[in-house]
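1. Quick one, fold the following:
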Amino acid sequence: MVSTPDPSLNLVTRDTRSDWVRLRTLLVLRWLAVLGQTIAVVIASFYLGLRVELGLCFLAIGASVISNLIAMTIFPENQRLSDRDAMLTLLFDLTQLSFLLFLTGGLNNPFALLILAPVTISATALTLRSTLFLGAAAIVLITGLAFLYTPLRTAEGTILELPPIFVFGFWIAIVIGIVFLSAYARRITRETHSMSQALLATQMALAREQKLTDLGGVVAAAAHELGTPLATIKLVSTELAEELADRPELHEDAELIREQADRCRDILRSMGQAGKDDLHMRSAPFGAVIREAAEPHEDRGIAIHYEFTPGDDAPEGQPIIRRKPEIIHGLRNLVQNAVDFADGQVWIEGGWGAGAIRLRVVDDGEGFPPDLLGRLGDPFLSRRSRPRAELRPGYEGMGLGLFIAKTLLERSGAEVTFQNASDPFLAAEDKGERRGAVVEVTWPHQSIGLPAEEASGPLGENQPISV
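-> Numbering: from 1, shown residues only. Below is the predicted model of the structure:
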């Protein structure tokens, strides 16, 4: 049976950027801009003695102050802006700054570099469409300021202007800065966001596996704890049904039934409060854990072969390992990936010895694309050797499964490597049977294996699950 995709993962596979920015964040940045603009205008006019249109400059600064006050009055502090509203807010800041630069020398003003700020903010928080729009608007405005501006004059009337070649160079630098910084900031933000989404998906997958493990432990504990009293109740009730009518001496058996019923009640009450941790569910032979992880994919039309062999000078018996949810879910994802891309067979090879426990998953598919081998295990890697959406409806080829598997297994202490079993440029008849992708997982024995005394000793009584 093919497992259906978890609908909750849709929350982490979308790349929307709506409601990312709080209005308060932009208002604080605007207050800082107002403070800096006011100080710059005052120093230029009263300390440096430049002729500045103070009225128009403070009118532009006042527009920012008024817009901030209106926004603070109308909207709550925790208001989050839609993509469109945030873009319009940054466009206002861009226009206001351009107007100030128009009044104070255009590209001859060194503060023209600040035109990069709104576009960079957009690249980190808004959609690509909004960033392209703001970037284009910034380039248009900075180009206009290269030709249309109010010259800066000293108190004596001397015009302060850079040579045309410097103005052109400054324009080129700002345009390149807009393009480069926007692309750089957006790429870094996308990778950070993708990693956050993938880690959230990993936590969701691990939480789901932990719940299943806990549920299995509770069920096993119920069967383990209730087995003896229920068997006693069945035996005594059978005897009573046959003999109580004419054997009053069976009164003691009736008393025993009541005692056992009370015991069952106490057990159920204990399990209802917190459950019990069945120690039989906490560890298992290495092969049993591997088979448990692969079991959901055994009836999908792909033959899965298991091979467990000890290494040189290693004991014949399989090591007893800790049955951790991250190990089971990580291995399950690796097997699922192999089955998804196999032509007909998957080999799961286990080995142990020399202080390590090893697992190798091989399929007979086309293998990993050579150009992607170095990136496997990164979140949202979008392709493998061929699409398989038609074979598994709902399959998302985003690399999320491999990322989850690698992250969970590394969390358990494993080292995970990806490679191909054969050269992808060889002819099909020369590749051999095990010719597809290979995933190798290696744990130090102390990471997941039980010490010899614990593996061979008695488990002891079940303990309450800690909550």
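
2. how about the strands in the stretch 101-250 of the chain?
-> Along the stretch 101-250 of the chain, the segments classed as strands by DSSP state E, counting those that start in this stretch run 152-154, 159-160.

3. Tell me which of the ones you listed is the most buried.
-> Neighbour counts (mean count of other Cβ atoms under 10 Å) averaged over each of these peak at strand 152-154, with a mean of 16. To be clear about C-beta, it is placed using only N, CA and C from the backbone, and glycine gets the same treatment.

4. Quick one: residues in contact with that strand.
-> If you take Cβ atoms under 8 Å, 6 or more residues apart in numbering as the criterion, strand 152-154 is touched by 49, 50, 51, 52, 104, 105, 108, 109, 159, 160, 161.

5. Now the closest residue to residue 100 other than its chain neighbours: which helix or strand?
-> Distance criterion Cβ to Cβ, 6 or more residues apart in numbering; nearest residue to residue 100, sequence neighbours excluded, is residue 60 at 5.1 Å. Using DSSP states H and E, the element containing residue 60 is helix 54-74.

6. residues making contact with that helix?
-> Applying Cβ under 8 Å, 6+ apart, the external contacts of helix 54-74 come out as 23, 27, 30-31, 33-34, 37-38, 41, 45, 92-93, 96, 99-100, 103-104.

7. Quick one: mean pLDDT for that helix?
-> Averaging pLDDT along helix 54-74 gives 91.

8. just to revisit the earlier point, which among the contacts of helix 54-74 end up buried?
-> Among those, those buried by neighbour count (16 or more other Cβ atoms under 10 Å) are 23, 27, 30, 33-34, 37, 41, 45, 92-93, 96, 99-100, 103-104.

9. For these, work out which two are farthest apart.
-> 23 and 45 (32.3 Å; Cβ to Cβ).

10. Please, where are all the helices along the chain?
-> Taking DSSP state H as the criterion, the chain carries its helices at 10-13, 23-42, 54-74, 83-103, 116-125, 128-145, 164-243, 251-273, 286-294, 325-341, 400-411, 428-431, 445-448, 452-456.

11. of the contacts of strand 152-154, buried ones?
-> Using 16+ other Cβ under 10 Å as the burial test, the contacts of strand 152-154 include 50, 51, 52, 104, 105, 108, 109 as buried.

12. For residue 126, state which of those residues is nearest.
-> Distances from residue 126 to those, taken by Cβ to Cβ, are shortest for residue 109, at 27.0 Å.

13. The residue nearest to the closest one when sequence neighbours are not counted: neighbour count?
-> With Cβ to Cβ, 6+ apart as the criterion, residue 109 has its nearest non-adjacent residue at 5.5 Å, and that residue is residue 101. When neighbours are defined as other Cβ atoms under 10 Å, residue 101 has 24 of them.

14. and residue 101, how far is that from residue 348?
-> Separation of residue 101 from residue 348 (Cβ to Cβ, to the nearest Å): 66 Å.

15. now residue 320
-> Distance, residue 320 to residue 348, by Cβ to Cβ: 19 Å.

16. ok, now residue 322?
-> Residue 322 is 19 Å from residue 348, where distance means Cβ to Cβ.

17. Likewise for residue 187?
-> 38 Å.

18. okay, these two: which has more neighbours?
-> More crowded of residue 187 and residue 348, by other Cβ under 10 Å: residue 348, with 22 against 11.

19. So what sits opposite that one in the bridge?
-> With DSSP bridges as the criterion, residue 348 is bridged to residue 306, residue 361.

20. Just want the angle from the helix holding residue 60 to helix 83-103.
-> Angle, helix 54-74 to helix 83-103, by axes from the mean of the first three to the mean of the last three Cα atoms, to 10 degrees: 160 degrees.

21. Could you export helix 54-74 as PDB, CA atoms only?
-> Extracted as PDB, the C-alpha positions of helix 54-74 are listed here (Å, rounded to 0.1, in the frame of the first residue of the first chain):
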ATOM      1  CA  LEU A  54      14.700  73.800   3.800                       C
ATOM      2  CA  GLY A  55      11.000  74.300   3.300                       C
ATOM      3  CA  LEU A  56      10.700  71.600   0.700                       C
ATOM      4  CA  CYS A  57      13.100  69.300   2.500                       C
ATOM      5  CA  PHE A  58      11.100  69.400   5.700                       C
ATOM      6  CA  LEU A  59       7.900  69.000   3.700                       C
ATOM      7  CA  ALA A  60       9.300  65.700   2.300                       C
ATOM      8  CA  ILE A  61      10.400  64.700   5.800                       C
ATOM      9  CA  GLY A  62       7.100  65.700   7.300                       C
ATOM     10  CA  ALA A  63       5.300  63.500   4.800                       C
ATOM     11  CA  SER A  64       7.100  60.500   6.200                       C
ATOM     12  CA  VAL A  65       6.200  61.700   9.800                       C
ATOM     13  CA  ILE A  66       2.500  62.100   8.900                       C
ATOM     14  CA  SER A  67       2.300  58.800   7.200                       C
ATOM     15  CA  ASN A  68       3.800  57.100  10.200                       C
ATOM     16  CA  LEU A  69       1.500  58.800  12.600                       C
ATOM     17  CA  ILE A  70      -1.600  57.900  10.500                       C
ATOM     18  CA  ALA A  71      -0.400  54.200  10.300                       C
ATOM     19  CA  MET A  72       0.200  54.100  14.000                       C
ATOM     20  CA  THR A  73      -3.300  55.500  14.700                       C
ATOM     21  CA  ILE A  74      -5.300  53.300  12.300                       C
END
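
22. Would you indicate which residues of that helix are buried?
-> Neighbour counts over helix 54-74 (16+ other Cβ under 10 Å) mark 57, 58, 60, 61, 64, 67, 68, 71 as buried.

23. mind checking how far the fourth one is from residue 334?
-> This points to residue 61. Distance of residue 61 to residue 334, given as Cβ to Cβ: 60 Å.

24. Distance across stretch 406-417, terminal residue to terminal residue?
-> In stretch 406-417, first residue to last residue: 9 Å (Cα to Cα, to the nearest Å).
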